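Student: Just to be clear, the model below is a prediction. Sequence and coordinates:
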Amino acid sequence: MNAVDGTVLAVLLSLVSAAGYALAAVAQSRLASASDGGRGALRALLARGQWWWAVGLNAAGALAHVAALHYGPLTLVQPLGALTLVAALPLGAYCARRRVTRAEWRGALLTLAGLVALISVTGPATPGDALTLREALVVAAATAFLIAALTSGSRYGALRRRRGGGLTGGATERRGRGLGHATASGVASGVGSALTQTLTAALARELPGGAPAWWQTALVAVLISAFAVGGLLLSQTAYRGGLAAPLAVVNLSNPAAAAVIGVALLGETFRAGVWGWLVAAAASLIAARGVVLLTAGAGTTPAPSAPTLSPALPLSPVAASGQPLPSPRTDETVPTPDPTPTPAPTPAVAG
């Protein structure tokens, strides 16, 4: 296969991957909107066929992404993978039978531009670069604490409402919890990718520090599975606050976590030196602005208008309460007023 055919195939596989991820995100969002999030929610979720369709679509998107990387360069495949957000936005609006607002389109385009710029200056790891086993365990432990911190706010809010605190923030609070879970989901997926790189190097006997024992390799594999499943469940919880903004945060936090690991532990850096750092900072700000617009646009769907009441006649306290008016009893005699007018008393004249 020549270079042109490989590039075309990589583009097609990248589009298939983006479509699979987008369909999976829409399915997860619809499941999240139908779930009350109470006890037994996970058991009910696992019993739904739609959930397993979403899992299968995520797996298909991942496989198509890996195949695209086999035929095309990372600088081409990664930006095309960011089209997941652009594809999921109209799909989610179509399933919800509403139109995509202008704020949502602007937010999606800004997020996409920031994500592409961030990926373009992120230097990929060279072959053979991987975390040592000790570094992998430290990263896994730090990530677990970070995920706990990102998700602890929602647990505290739920506990406060159960104790009688009432509603605290409504839709705004749900969107905030969704972004926290989305960040945790992206971080879990990014760390899972870094650990996968470590596992690959371990199986190839190329892990820095020497070949690990079998149980150490198995431990890394268990950690990868835990982060993969945890990232999927966290994204499912994140979609309770909407679709577009949590999906954008997942797509941003995933490469951001991988970039932090690469810069801090693998000696990587952004391309173009200082200019690369500046571009990465500007791209992060642009993407953050896009997420803000997506979050605001999620609450702009007009609510159905309440029926107007005629002000001609005032409602009695009973009618205003919404209770049905009692029907008159048939055995009661309604008194008939006397038609003869009563004469007014004659005022007395002082003598």
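Tutor: Happy to help now that I have it.
Student: Going by C-alpha atoms from here, please, whenever you check contacts or count neighbours.
Tutor: Noted.
Student: Residue ranges in this structure under the pLDDT threshold?
Tutor: Within the chain, the stretches falling below the threshold (pLDDT under 70) are 36-39, 74-75, 123-129, 153-175, 206-210, 297-351.
Student: center of it, which residue is that?
Tutor: Pro246 (2.5 Å; C-alpha atoms, centre = their mean).
Student: The helix or strand encompassing it: how far from the chain's middle?
Tutor: When elements are assigned from DSSP states H and E, Pro246 belongs to helix 244-265. For helix 244-265, the distance between its averaged C-alpha position and the chain's averaged C-alpha position is 14 Å (C-alpha atoms, centre = their mean, to the nearest Å).
Student: May I have that helix as PDB, with CA atoms only?
Tutor: Listed next in PDB are the C-alpha coordinates belonging to helix 244-265 (Å, rounded to 0.1, in the frame of the first residue of the first chain):
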ATOM      1  CA  ALA A 244     -21.800  18.500  24.800                       C
ATOM      2  CA  ALA A 245     -20.000  20.100  27.700                       C
ATOM      3  CA  PRO A 246     -19.000  16.800  29.400                       C
ATOM      4  CA  LEU A 247     -18.000  15.200  26.100                       C
ATOM      5  CA  ALA A 248     -15.800  18.200  25.400                       C
ATOM      6  CA  VAL A 249     -14.100  18.000  28.800                       C
ATOM      7  CA  VAL A 250     -13.500  14.300  28.400                       C
ATOM      8  CA  ASN A 251     -11.800  14.900  25.000                       C
ATOM      9  CA  LEU A 252      -9.700  17.700  26.500                       C
ATOM     10  CA  SER A 253      -8.600  16.100  29.800                       C
ATOM     11  CA  ASN A 254      -7.600  12.800  28.100                       C
ATOM     12  CA  PRO A 255      -4.700  14.300  26.100                       C
ATOM     13  CA  ALA A 256      -3.900  16.800  28.800                       C
ATOM     14  CA  ALA A 257      -3.300  14.000  31.300                       C
ATOM     15  CA  ALA A 258      -1.200  12.100  28.800                       C
ATOM     16  CA  ALA A 259       0.800  15.300  28.100                       C
ATOM     17  CA  VAL A 260       1.400  15.900  31.800                       C
ATOM     18  CA  ILE A 261       2.800  12.400  32.300                       C
ATOM     19  CA  GLY A 262       5.000  12.700  29.200                       C
ATOM     20  CA  VAL A 263       6.400  16.100  30.200                       C
ATOM     21  CA  ALA A 264       6.900  15.200  33.900                       C
ATOM     22  CA  LEU A 265       8.200  11.600  33.600                       C
END
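Student: Packing partners of that helix?
Tutor: For helix 244-265, the contact count by 3 or more C-alpha pairs under 8 Å, 6 or more residues apart in numbering; DSSP states H and E identifies helix 83-95, helix 102-120, helix 170-203, helix 214-238, helix 274-297 as packing neighbours.
Student: out of those, which comes closest to Leu76?
Tutor: Taking C-alpha to C-alpha, helix 102-120 is the member of the helices and strands packed on helix 244-265 nearest to Leu76, at 9.1 Å.
Student: Which parts of the closest one count as buried, going by neighbours?
Tutor: Buried residues in helix 102-120, counted by 16 or more other C-alpha atoms under 10 Å: 103-120.
Student: outside of that helix, which residues touch it?
Tutor: With contact meaning C-alpha atoms under 8 Å, 6 or more residues apart in numbering, helix 102-120 is reached by 75, 78-79, 82-83, 85-86, 244, 248, 251-252, 255, 279-280, 282-294, 296-298.
Student: Any of the residues you listed buried? List them.
Tutor: Burial by neighbour count, 16+ other C-alpha under 10 Å: within the contacts of helix 102-120 this picks out 75, 78-79, 82-83, 85-86, 244, 248, 251-252, 255, 279-280, 283-284, 286-294, 296-298.
Student: What sits closest to Val86 if chain neighbours are left out?
Tutor: For Val86, the nearest residue in space outside its immediate sequence neighbours is Ala108; the separation is 6.4 Å by C-alpha to C-alpha, 6 or more residues apart in numbering.
Student: What's the separation between that neighbour and Ala288?
Tutor: With distances defined as C-alpha to C-alpha, to the nearest Å, the gap from Ala108 to Ala288 amounts to 11 Å.
Student: could I get the helix or strand where Val66 lies in PDB with only the CA atoms?
Tutor: With elements taken from DSSP H and E, the one containing Val66 is helix 49-71. Included here for helix 49-71 are C-alpha records, laid out as PDB according to Å, rounded to 0.1, in the frame of the first residue of the first chain:
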ATOM      1  CA  GLY A  49     -29.300  -3.500  26.300                       C
ATOM      2  CA  GLN A  50     -28.700   0.100  25.200                       C
ATOM      3  CA  TRP A  51     -25.800   0.300  27.700                       C
ATOM      4  CA  TRP A  52     -24.000  -2.700  26.100                       C
ATOM      5  CA  TRP A  53     -24.600  -1.100  22.700                       C
ATOM      6  CA  ALA A  54     -22.800   2.000  24.000                       C
ATOM      7  CA  VAL A  55     -19.900  -0.200  25.300                       C
ATOM      8  CA  GLY A  56     -19.700  -1.900  21.900                       C
ATOM      9  CA  LEU A  57     -19.600   1.400  20.100                       C
ATOM     10  CA  ASN A  58     -16.900   2.700  22.400                       C
ATOM     11  CA  ALA A  59     -14.800  -0.500  21.700                       C
ATOM     12  CA  ALA A  60     -15.400  -0.200  18.000                       C
ATOM     13  CA  GLY A  61     -14.300   3.500  18.100                       C
ATOM     14  CA  ALA A  62     -11.100   2.500  20.000                       C
ATOM     15  CA  LEU A  63     -10.300  -0.300  17.500                       C
ATOM     16  CA  ALA A  64     -10.800   2.000  14.500                       C
ATOM     17  CA  HIS A  65      -8.600   4.600  16.200                       C
ATOM     18  CA  VAL A  66      -5.800   2.100  16.700                       C
ATOM     19  CA  ALA A  67      -6.100   0.900  13.100                       C
ATOM     20  CA  ALA A  68      -6.000   4.500  11.900                       C
ATOM     21  CA  LEU A  69      -2.800   5.100  13.800                       C
ATOM     22  CA  HIS A  70      -1.300   2.000  12.000                       C
ATOM     23  CA  TYR A  71      -2.000   3.500   8.600                       C
END
